[in-house]
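**Student:** 3D model of this:
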Amino acid sequence: MVGLAPYTLAMNPLLKFALELGPLVVFFFANSQYGIFTATMVFMVAIVVSLAVSYAISRTIPTMPVVTAVFVLFFGGLTVWLQDETFIKVKPTIVNLLFASILGLGLLTGRLFLKMVLDSALALSDTGWLIMTRAWIGFFVFLAVLNEIVWRTVSTDTWVTFKVFGVMPITLLFSFSLVPIIMKYTIEPAEEETSNGE
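**Tutor:** Okay, the predicted model is just below:
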């Protein structure tokens with residue numbers, strides 16, 4: 001069949017960012033107009049559409065968005081079914097602790113899961129991946145604790161605003177803070193080929 005090749009190309013970074021942020025923005029506006037329960041239903045639909053579009057373009061779906069989508073559908077379904085917003089509020093806590101636990105389990109068993117996921121995007125030494133993994137474990141735990149503090153102390157509307165417009169900037173700032181580590185432990189292509197050949 002002719003015509004599949006263009007869809008297997010790497011996705012434009014801006015489009016990828018829009019697909020990841022889009023469902024959250026839709027969630028925010030739906031909540032402001034119709035309340036948390038309708039917003040949760042809209043969020044569930046939006047995240048499925050986002051994954052479908054991502055797959056249609058790149059023919060692949062990254063692991064983390066899939067895991068996040070599964071939890072959104074599960075906790076979102078409980079939120080709507082039981083009419084209890086606690087489930088959707090605690091979802092980020094559980095997801096972040098899950099990611100931290102998976103990375104931590106990898107360290108305990110001698111596996112750098114972060115390297116497995118991002119190896120195609122970054123070429124770091126094992127020391128670099130180890131430092132990055134520890135940093136992300138700490139950050140995921142931080143996000144989990146922060147979410148617990150926020151949803152338990154503020155209104156639902158304020159929590160939604162924090163989730164949409166607070167977590168992303170915090171994550172971006174954290175990611176930028178890792179740039180010096182990435183630069184320090186990046187393996188040059190020639191060096192990588194030499195190490196692989198010996």
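
**Student:** residue 167 and residue 47: what is the separation?
**Tutor:** Residue 167 sits 15 Å away from residue 47, going by Cβ to Cβ, to the nearest Å. C-beta coordinates here come from the backbone N, C-alpha and C atoms, glycine included.

**Student:** counting neighbours, go ahead and name the busier of those two.
**Tutor:** Taking other Cβ atoms under 10 Å, residue 167 and residue 47 do not tie; residue 47 has more neighbours (25 against 17).

**Student:** element containing that one, please.
**Tutor:** For residue 47, the host element (DSSP states H and E) is helix 36-58.

**Student:** what does that helix contact?
**Tutor:** 7-11, 15-16, 19-20, 22-24, 26-28, 30-31, 34, 61, 65-66, 68-69, 72-73, 76-77, 79-80, 83, 85, 88, 156, 160 (Cβ atoms under 8 Å, 6 or more residues apart in numbering).

**Student:** and the next element down the chain from that helix?
**Tutor:** Beyond helix 36-58 in the direction of the C-terminus, DSSP H and E gives the next helix or strand as helix 63-82.

**Student:** packing partners of that next one?
**Tutor:** helix 36-58, helix 86-108 (3 or more Cβ pairs under 8 Å, 6 or more residues apart in numbering; DSSP states H and E).

**Student:** local confidence estimate at residue 52?
**Tutor:** Residue-level confidence at residue 52 comes out at 88, pLDDT.

**Student:** ok, the one 3 residues further on next?
**Tutor:** If you check residue 55, the pLDDT there is 83.

**Student:** any low-confidence regions in the protein?
**Tutor:** 1-13, 119-120, 189-198 (pLDDT under 70).

**Student:** 50 - rerun?
**Tutor:** The chain contains residues with pLDDT under 50 at 1-9, 192-196, 198.

**Student:** is residue 164 in contact with residue 26, as I believe?
**Tutor:** No - assessed by Cβ atoms under 8 Å, residue 164 is found out of contact with residue 26, at 9.6 Å.
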